[in-house]
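> Got a predicted structure here, sequence first:
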Amino acid sequence: MSCAGNEPSYDPIGARMIEKLLMKLRVRDELSPQEEATLRAAIADVREFPADQTVVREGEMLNVSLLLVEGLMCRYKDLRNGSRQIAELHVPGDFSDLHGFTLKKLDHNILTLTPCRIAEVPHGKLKTITEQHPHLARLLWLSTNIDAAIHREWELSLGRRSALGRTAHLFCELQVRLDIIGLATESGFQLDLTQTDLAECLGLTPVHVNRTLKELRERGAVEFRRGSVTINDLDQLQQIAEFNPGYLNLERMPR
């Protein structure tokens with residue numbers, strides 16, 4: 001899919017592509033109709049990828065940024081022995097590599113964890129946004145700031161939280177992030193990941209993840225079965241995680 005012309009025009013396909021992104025941005029600030037049209041017009045192509053495909057490799061030169069439309073992706077780094085650490089999960093409405101606009105390459109890889117639909121936004125379009133739409137540029141900048149906050153919270157989990165706490169925290173975070181885009185409720189959400197995927201997010205072995213999930217289930221807090229997360233006691237889950245959603249910047253602030 002390509003966009004032509006100097007002025008953004010209504011595009012129902014483009015509108016569907018950015019629906020989740022708009023939901024995320026509106027939680028934090030207001031968007032004008034022109035800004036929404038500009039985001040629609042920024043999409044140059046939409047591609048579909050199977051699960052377990054690396055779509056951006058560490059060090060490769062970039063001229064587009066990727067907006068996740070459907071599915072789950074992650075950022076990861078790995079070692080020569082094949083060990084992989086997932087550094088962040090991406091849900092629909094997330095740019096997986098918006099910071100690649102300024103860096104032009106990444107120091108990590110981007111992987112599809114499920115079949116994904118991904119929209120490409122050329123860096124030339126992002127440059128125009130920064131020059132002609134300063135408020136919209138600040139909102140996209142805010143997105144990268146929230147990404148950084150998520151990274152810091154994951155670092156705290158990996159370094160200091162117990163296996164039980166870090167697992168509970170991941171479920172709490174995803175419940176909030178997916179709820180913003182209409183894909184979760186207080187009672188749960190779909191999470192098409194394996195226990196091995198969770199292990200790579202949490203810095204644990206799959207066996208340890210299995211034991212931890214069992215304990216959370218026996219406490220009556222949460223169950224994870226067949227790609228579905230059922231939250232039986234959200235308050236308890238948040239207490240186990242010591243979860244404070246402030247790092248997700250869910251309140252509108254003057255900018």
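Sure, I can see it. Residues are numbered from 1 along each chain as shown.

> can we go C-alpha only for contacts and neighbour counts from here?
OK.

> Can you list phi and psi of His108 for me?
phi -150, psi 180 (degrees, to the nearest 10).

> ok, now which ones touch it?
Contact analysis of His108 by C-alpha atoms under 8 Å, 6 or more residues apart in numbering lists Arg57, Glu58, Gly59, Arg75, Tyr76, Lys77.

> try it again with 7 Å
By C-alpha atoms under 7 Å, 6 or more residues apart in numbering, the contact set of His108 is Arg57, Glu58, Arg75, Tyr76, Lys77.

> In space, what's closest to it - neighbours in sequence excluded?
Closest residue to His108 apart from its sequence neighbours, by C-alpha to C-alpha, 6 or more residues apart in numbering: Glu58 at 4.6 Å.

> Next: Val209.
In space, Val209 is closest to Ala199, 6.1 Å off (C-alpha to C-alpha, 6+ apart).

> And the helix or strand containing that neighbour, what does it pack against?
If you go by DSSP states H and E, Ala199 is part of helix 195-202. Counting contacts by 3 or more C-alpha pairs under 7 Å, 6 or more residues apart in numbering; DSSP states H and E, helix 195-202 packs against strand 84-90, helix 206-218.

> Which one, of those, ends up nearest to Gln190?
Ranking those by distance to Gln190, with C-alpha to C-alpha as the measure, places strand 84-90 first at 13.8 Å.

> which residue sits closest to the residue most central in space within the chain, ignoring its sequence neighbours?
The C-alpha lying nearest the average C-alpha coordinate of the chain belongs to His90 (C-alpha atoms, centre = their mean; 2.3 Å). Among residues not flanking His90 along the chain, Met73 sits closest, at 5.0 Å (C-alpha to C-alpha, 6+ apart).

> Which residues are in contact with the one you found?
Each residue near Met73 by C-alpha under 7 Å, 6+ apart is listed here: Leu89, His90, Val91, Leu111, Thr112, Leu113.

> Farthest-apart pair in the residues you listed, please.
Greatest spatial distance among the contacts of Met73 (C-alpha to C-alpha): Val91 and Leu111, at 12.3 Å.

> Ile129 - how many residues pack around it?
20 (other C-alpha atoms under 10 Å).

> just to revisit the earlier point, now do the same for the residue nearest to His108: helix, strand or coil?
Assigned with DSSP: H, G, I helix; E, B strand; the rest coil, Glu58 falls in the coil class.

> Check the gap between it and Gly220 for me.
The gap separating Glu58 from Gly220 is 41 Å, by C-alpha to C-alpha, to the nearest Å.

> all strands for the stretch 1-150 of the chain, in order.
45-49, 54-56, 64-70, 73-78, 84-90, 109-112, 116-122 (DSSP state E, counting those that start in this stretch).

> and the shortest one, which residues are buried?
Neighbour-count burial for strand 54-56 flags Thr54, Val56 (criterion: 16 or more other C-alpha atoms under 10 Å).

> That strand packs against which elements?
Secondary elements touching strand 54-56 (3+ C-alpha pairs under 7 Å, 6+ apart): strand 109-112.

> Go ahead and name everything in contact with the strand it packs on.
Contacts for strand 109-112 (C-alpha under 7 Å, 6+ apart): 51-58, 72-77.
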